[in-house]
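[1] Predicted model, plus sequence, below.
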Amino acid sequence: MLCSCVMGFLYKAIQYLCCACVCQLPMGRASVEHYRLLKRQCVFSHDELVCKMAGLPAGTLSSHQMQAVYKDLLTMVDEEKKARKRLHEKVHFDMS
């Protein structure tokens, strides 16, 4: 139980820091890509963090922060589309 409390606390701290400084969002996205290339699992979900930031009540984020989150959301959706396309092509190729 203690471990889950500490993890929750750390996640909230990360969430707070990312909300305070959105200049870190591109670095977080690059870190996720680096881990993907190394075939390693990230410690936390960058996509989940960005989605939670996007879901914050109106007025919580500044316009600069909202723009950065929106840009990262577009990148996330684009990457998801590409991954689904690769998977579809692989499955289609394997079925042939």
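    Here it is on my side, so go on.

[2] quick one, longest helix in the chain?
    helix 63-95 (DSSP state H).

[3] Identify each buried residue in that one, please.
    Q65, M66, A68, V69, D72, L73, M76 (16 or more other C-beta atoms under 10 Å). Every C-beta, even on glycine, is put in place using the N, C-alpha and C of the backbone.

[4] swap in stretch 47-58?
    D47, L49, V50, M53.

[5] got TSV for those residues, with secondary structure and distance to G59 too?
    Shown next, in TSV, are the buried residues of stretch 47-58 (DSSP: H, G, I helix; E, B strand; the rest coil; distance: C-beta to C-beta, whole Å):
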residue	secondary structure	distance to G59
D47	helix	24
L49	helix	20
V50	helix	19
M53	helix	13
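
[6] and which of those is nearest to L87?
    D47 (17.0 Å; C-beta to C-beta).

[7] Setting aside sequence neighbours, what's the nearest residue to the residue nearest to the spatial centre of the chain?
    Centroid-nearest residue in the chain: D47, 2.0 Å away (criterion: C-alpha atoms, centre = their mean). Spatially, and ignoring its direct neighbours in sequence, D47 is nearest to M76 (5.4 Å; C-beta to C-beta, 6 or more residues apart in numbering).

[8] Now for the one you found: which residues touch it?
    R29, D47, V50 (C-beta atoms under 8 Å, 6 or more residues apart in numbering).
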